[in-house]
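> just need the structure, nothing else, for what follows:
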Amino acid sequence: MPHPAPPSAHQITEATSTLDQLKHYLRAEPPLTDALPLLTPLLDENTGVPILLGDILRAAARVITQQDAHHPMDDDVRQITHELREAAREIT
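A predicted model of the protein is given here:
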């Protein structure tokens, strides 16, 4: 199976910028009727931000450990992968 094309750094920046914009919007305490349609897709139980972020963190830990599979991992790398996996568990 071919690898999917990675998003560009620009696309990632746009996504985080959009979430930052939403954060500022919500801090202004808009009416719930305006905010709810924006929150619904973010909190979807299958594709929402917590699930996606958890999957990204677990995949990042897997990439790190697979890259170092032929080399002994030092304590810093072990700690990073542990923290990524722990954060994924907390988020999801």
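> which residue is the nearest non-sequential neighbour of the residue most central in space within the chain?
The structure's the chain has its C-alpha centroid closest to Leu53; by Cα atoms, centre = their mean the separation is 2.5 Å. Closest residue in space to Leu53, ignoring its immediate chain neighbours: Ile91 at 5.3 Å, by Cβ to Cβ, 6 or more residues apart in numbering. All C-beta spots, glycine's among them, are computed from the backbone N, C-alpha and C.
> please apply the same query to Glu45.
In space, Glu45 is closest to Ile51, 7.3 Å off (Cβ to Cβ, 6+ apart).
> near the residue nearest to Leu53, how many other residues are there?
By other Cβ atoms under 10 Å, 16 other residues sit near Ile91.
> leaving out the residues flanking it, which one is nearest to Ala73?
Residue 73: Met, not Ala. Using Cβ to Cβ, 6+ apart, the nearest residue to Met73 is Thr65, at 7.2 Å.
> got the buried residues for the helix or strand hosting the one you found?
Thr65 belongs to helix 49-67 when assigned by DSSP states H and E. Within helix 49-67, the residues scored as buried using 16 or more other Cβ atoms under 10 Å are 54, 57-58, 60-61, 64-65.
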